[in-house]
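S.K.: I would like the atomic coordinates for the input below:
(chains A and B)
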Amino acid sequence: MTPEPFRRKDLLSIRELSAGEILFLLDQTDSFREVNERDIKKVPALRGKTVVNLFFEASTRTRASFEIAGKRLSADVINLSATTSSTQKGETLRDTARNIEAMATDVLVVRHSASGAAHYLGRELRCSVVNAGDGCHEHPTQALLDLYTIREHKKDFQGLNVSIVGDIAHSRVARSDIAGLLKLGASVTICGPSPMLPAEAGCLGARVTTRVEEAIEGADVLIALRIQLERGAGANFPGNREYATTYGITRKRLKSAKRELLIMHPGPINRGVEMSPDVADGPFSVILEQVEYGVASRMAILYLLAGRKADEPAPSPPRLEEQAPEPAPLRRTEDALAR
Amino acid sequence: MPLLVKGGRVVDPASGTDEALDLLIEGGRVARRGRGLAAPKGAEVLDARGLVVAPGFIDMHVHFREPGQEYKEDIESGTRAAASGGFTSVACMANTDPVNDTSSVTERILKRAREVGAARVHPIGAVSMGLKGEALTEMAEQLAAGAVAFSDDGVPVRTAALMRAALDYAGMLGAPILDHAEDRSLSQGKVMHEGKVSTLLGLSGNPAASEDICVFRDIRLAELMRARVHILHLSSRGAVELIRQARKRGVRVSGEATPHHFTLTHEAIQGFNAAAKMAPPLREEEDRQALLEGLRDGTIEVIASDHAPHYEAELQVEFDEVPFGVVGLETAVPLALDRLHHAGVLTLPQLISKFTAGPAKVLGLKLGTLAEGAPGDVTLLDPGREFVVDPEGFESRGRNTPFGGWKLRGCAVATVVNGEIRMNRIAGPMQIFAGERVA
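M.R.: Numbers count the residues shown, from 1 in each chain, chains lettered A, B, ... in the order given. So this is what the prediction gives:
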């Protein structure tokens, strides 16, 4: 696998990227890390460019990370919070986004509670769109910083065993991480109680288990996920207390783990539920490193998208997932039904 | 003015006809059928050489948004879409605003249809007041005003107890209940079929079991009350099988398939394609195959479009918020001809029956046949005519279709309602004649 340049208009999902593009993005992240270690943490790379963070869902970490990333590149960064869905507000999502685009925005970073919202905007807007999390679908920049963190510690993805434990069904981080890890050659195990696994978990390409011991044993990396009660995870499961007893990652459960098991979490952590504090703060936890590298990773993305020359053709294909099997040629014939 | 339909192949499954015949319509009725009929003085002549002459097509499941949401569709644009698609009759669902749960709304719909319609309109009354699933509507009065059946479509009849009462009372009155079969506790808030695609896209899924459970409920209650129930827009393999078994033991249950369910699967949603969002959802290939088999073996007697027009701006939102449904009046017949007839699933008489005798039987209409003395409603088909679906050219106000750009073979080229031409594009651009001419 060799890096190949990332030339897309948007970053919408990991599933649509090639392994080469992912490696390229990880390599780019390297060069921006150095900026963050300087005393004066600022370069003029995106001076005069405008980045808008449009967040339809609450976020602390991701929004701050994008804001800092943009500012360290000297872009003008605007944060907008919109807490309601289109229909409640009476304005369509398309109109909201096109208004922001009309103010000569270069990159729109969007988080939304609905799966596919970023894809929809990617199709409708000429400016670049970064998916900062869409519903239960994908969170590609989180996956990029997770992959970067793993590479820093484990060097190679080939033969690496990564387990993801928690509320997989509602997790956009899981979908992005699984896609990225598999593309780079790692083996992935997903684990959670059955109600927290998606209907057809097997189609994600990872090994599926409901036994947390199986996920821990032999793993090189363990990513724990939060139970997303706000997305309805509570409706089909007894609750946090039961989860903590049966799936919580504790020092005791980790007795059977490999010695150098890397512990990760995308945050926010519910201490004492999916992970005990001594594990979260333990010697093999890289949870804060993930946050640190997130800034560099997002600097790389913003730089590549905002730095894209305007005369370059928009590289994203119009259909962003794999093509539906039915033919749908978008051409007209002269003698369609004579009207 | 008499009308002579000359030189066509008459296919009338109800009377067992499939031969080259001329058709003379006088006084709104089929007066004579025969070879080499001469045109009476002053008669209009339709040259049907090379065309199939069928009973007027009936779409027993459409949503016209009048009264209340005319910006999406009204009776005028809806019946023009019907005529353009080859339909001479439509049955419109009750989920308007206000709901068609009283005779005055039924009467208003029929009055508008007489004034501006390009096809016959048969109103379907609500089962429950306001579609709330609580109190039964005044069914006898609605039937007297012109309603032909009852349905809470959009939602299922809410409880088994209410369904039982509706079957009991409507059964006594001789009208069927048409049900949108879903167990809402499983389907509410879910935006697509639960399966591989919903897993990959992170969209909430509604399992096929949701439909099967409700279909089983409806069948058992129809059996208990010895009444007639019709299952709208079947989407699952299990439901088709339940209906097949029930019909074998004599339960009075019928079923309907839509062109989108027999053509597409949940794969059409890949890429967050909101034009393929509908309820019940597009399901898996095995479900689609079961629908084809149900159509082939007669378990499913009706093809209906579930024509559900929406306003463009309502579609410019995130997938979760896009309203369910697609327009279908102007693509139903071409999809059936292309995907069922030309693909070898149904013979032409079988296909025509699903649009004529099938729905006429379910709704108890004296339509759907070209026997002498029958109402003079005719649909002329050109099974070989190819065209590309262009939503911008639809008569309907709705453009929400997953079939834009599809090349299809076969379409309707003329309609006759009550002996009068309503749509004609046999040679030259399409003309539609609407308004007071419909009796």
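
S.K.: Which residue ranges of the stretch 1-150 of chain A form strands?
M.R.: Using DSSP state E, counting those that start in this stretch, the strands found in the stretch 1-150 of chain A span residues A:50-55, A:76-81, A:107-112, A:128-134.

S.K.: Same list, those, but as CSV with mean pLDDT please.
M.R.: Output for the strands of the stretch 1-150 of chain A, formatted as CSV (pLDDT from 0 to 100):
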stretch, mean pLDDT
strand A:50-55, 96
strand A:76-81, 94
strand A:107-112, 97
strand A:128-134, 98
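
S.K.: Let me have those strands in TSV, extended by distance to A:Ile164 and mean neighbour count.
M.R.: Just so you know, the C-beta spots here come from the backbone N, C-alpha and C atoms, and that holds for glycine as well. Output for those, formatted as TSV (distance: least, C-beta to C-beta, whole Å; neighbours: other C-beta atoms under 10 Å in any protein chain shown):
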stretch	distance to A:Ile164	mean neighbour count
strand A:50-55	25	23
strand A:76-81	29	16
strand A:107-112	21	28
strand A:128-134	16	27
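
S.K.: and A:Ser187, which of the ones you listed is closest to it?
M.R.: strand A:128-134 (25.5 Å; C-beta to C-beta).

S.K.: how big is the angle separating that closest one from strand A:50-55?
M.R.: Inter-element angle recorded for strand A:128-134 and strand A:50-55: 20 degrees (by axes from the mean of the first three to the mean of the last three C-alpha atoms, to 10 degrees).

S.K.: What is strand A:128-134 packed up against?
M.R.: Packed against strand A:128-134 by the contact rule (3 or more C-beta pairs under 8 Å, 6 or more residues apart in numbering or on different chains; DSSP states H and E) you find helix A:61-72, strand A:107-112, helix A:117-124, helix A:140-154, helix A:287-306.

S.K.: right, and those - which one's nearest chain B?
M.R.: Of all the helices and strands packed on strand A:128-134, it is helix A:117-124 that lies closest to chain B, at 4.3 Å by C-beta to the nearest C-beta.

S.K.: Export that closest one to CSV, keeping only CA atoms.
M.R.: Taking C-alpha atoms only, helix A:117-124 is exported to CSV below (Å, rounded to 0.1, in the frame of the first residue of the first chain):
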residue,chain,number,x,y,z
ALA,A,117,-26.7,15.0,6.2
ALA,A,118,-23.1,15.7,5.2
HIS,A,119,-23.5,13.7,2.0
TYR,A,120,-26.5,15.7,1.1
LEU,A,121,-24.7,19.0,1.5
GLY,A,122,-21.7,17.7,-0.4
ARG,A,123,-23.9,17.1,-3.3
GLU,A,124,-25.7,20.5,-3.0
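
S.K.: Buried residues, the helix or strand B:Val30 falls within. List them.
M.R.: Applying DSSP states H and E as the criterion places B:Val30 in strand B:29-34. Across strand B:29-34, burial judged by 16 or more other C-beta atoms under 10 Å in any protein chain shown covers B:30-31, B:33.

S.K.: Out of the residues you listed, the closest to chain A would be?
M.R.: Nearest to chain A among these, counting by C-beta to the nearest C-beta, is B:Val30 at 27.5 Å.

S.K.: Provide a list of residues in contact with the closest one.
M.R.: B:23-24, B:370-376 (C-beta atoms under 8 Å, 6 or more residues apart in numbering or on different chains).

S.K.: where along the stretch 151-300 of chain A do the strands fall?
M.R.: Assigned by DSSP E, counting those that start in this stretch, the stretch 151-300 of chain A shows strands spanning A:161-165, A:187-191, A:207-209, A:221-224, A:262-264.

S.K.: Residues in contact with the first one: which ones?
M.R.: Around strand A:161-165, the neighbours that count as contacts under C-beta under 8 Å, 6+ apart are A:150, A:171, A:174, A:177-178, A:181, A:186-192, A:206, A:212, A:215-216, A:218-225, A:247, A:249, A:274.

S.K.: With adjacent residues omitted, what lies nearest to B:Ser254?
M.R.: Spatially, and ignoring its direct neighbours in sequence, B:Ser254 is nearest to B:His230 (4.8 Å; C-beta to C-beta, 6 or more residues apart in numbering or on different chains).

S.K.: hang on, that neighbour is in a helix, isn't it?
M.R.: No. Assigned with DSSP: H, G, I helix; E, B strand; the rest coil, B:His230 falls outside any helix and is strand.

S.K.: and it, what does it touch?
M.R.: Counting by C-beta under 8 Å, 6+ apart, B:His230 touches B:149, B:176-179, B:253-256, B:302, B:362.

S.K.: Now for residue 214, how many residues are close by?
M.R.: No chain specified, so I'll use chain A. Using other C-beta atoms under 10 Å in any protein chain shown, A:Glu214 is surrounded by 14 other residues.

S.K.: I was after chain B.
M.R.: Counted with other C-beta under 10 Å, the neighbours of B:Cys214 add up to 25.

S.K.: The one 3 residues further on now?
M.R.: For B:Arg217, the tally of surrounding residues (other C-beta under 10 Å) stands at 20.

S.K.: A:Met103 now?
M.R.: Here the number of neighbours of A:Met103 (other C-beta under 10 Å) works out to 9.

S.K.: Ok, B:Pro176 next?
M.R.: Counted with other C-beta under 10 Å, residues neighbouring B:Pro176 total 25.

S.K.: mind listing what the residue nearest to it when sequence neighbours are not counted touches?
M.R.: The shortest distance from B:Pro176 to any non-neighbouring residue, by C-beta to C-beta, 6+ apart, is to B:Arg228 (4.1 Å). Contacts for B:Arg228 were tallied using C-beta under 8 Å, 6+ apart; they are B:167, B:171, B:176-177, B:222, B:252-254, B:362.

S.K.: Next one: A:His175 from chain B, what distance?
M.R.: Check again: residue A:175 is Arg, not His. To chain B, A:Arg175 is 6 Å away according to C-beta to the nearest C-beta, to the nearest Å.

S.K.: And for residue 2, the neighbour number?
M.R.: Chain wasn't specified; assuming chain A. Neighbours around A:Thr2, by other C-beta under 10 Å: 7.

S.K.: meant chain B, my bad for not saying
M.R.: Look at B:Pro2: counted by other C-beta under 10 Å, it has 17 neighbours.

S.K.: Also the one 3 residues further on?
M.R.: Here the number of neighbours of B:Val5 (other C-beta under 10 Å) works out to 28.

S.K.: Which of the helices or strands spans it?
M.R.: Going by DSSP H and E, B:Val5 is part of strand B:3-12.

S.K.: what sits against B:Arg108?
M.R.: B:Pro67.

S.K.: what residue is smack in the middle of chain A?
M.R.: Residue closest to the average C-alpha location in chain A (C-alpha atoms, centre = their mean): A:His139, at 2.2 Å.

S.K.: Correct me if wrong: B:Ile25 contacts B:Pro375.
M.R.: No. Between B:Ile25 and B:Pro375 no contact is recorded; they are 9.2 Å apart, counting by C-beta atoms under 8 Å.

S.K.: between the two, who's got more neighbours?
M.R.: Just comparing B:Ile25 and B:Pro375: by other C-beta under 10 Å the higher neighbour count belongs to B:Ile25, 27 against 24.

S.K.: Name the nearest residue to that one, sequence neighbours excluded.
M.R.: Excluding the flanking residues, the one nearest B:Ile25 by C-beta to C-beta, 6+ apart is B:Gly376, at 3.7 Å.

S.K.: List the residues that contact that neighbour.
M.R.: Neighbours of B:Gly376 in contact, by C-beta under 8 Å, 6+ apart: B:3, B:25-26, B:28-30, B:416-419.

S.K.: Give me the phi and psi for it.
M.R.: When read as degrees, to the nearest 10, the backbone of B:Gly376 gives phi -80, psi 60.

S.K.: Do you know the pLDDT at it?
M.R.: Confidence at B:Gly376, expressed as pLDDT, is 97.

S.K.: Also A:Gln88?
M.R.: 68.

S.K.: Select the longest helix from chain B.
M.R.: Ranked by number of residues, the top helix in chain B under DSSP state H is helix B:209-225.
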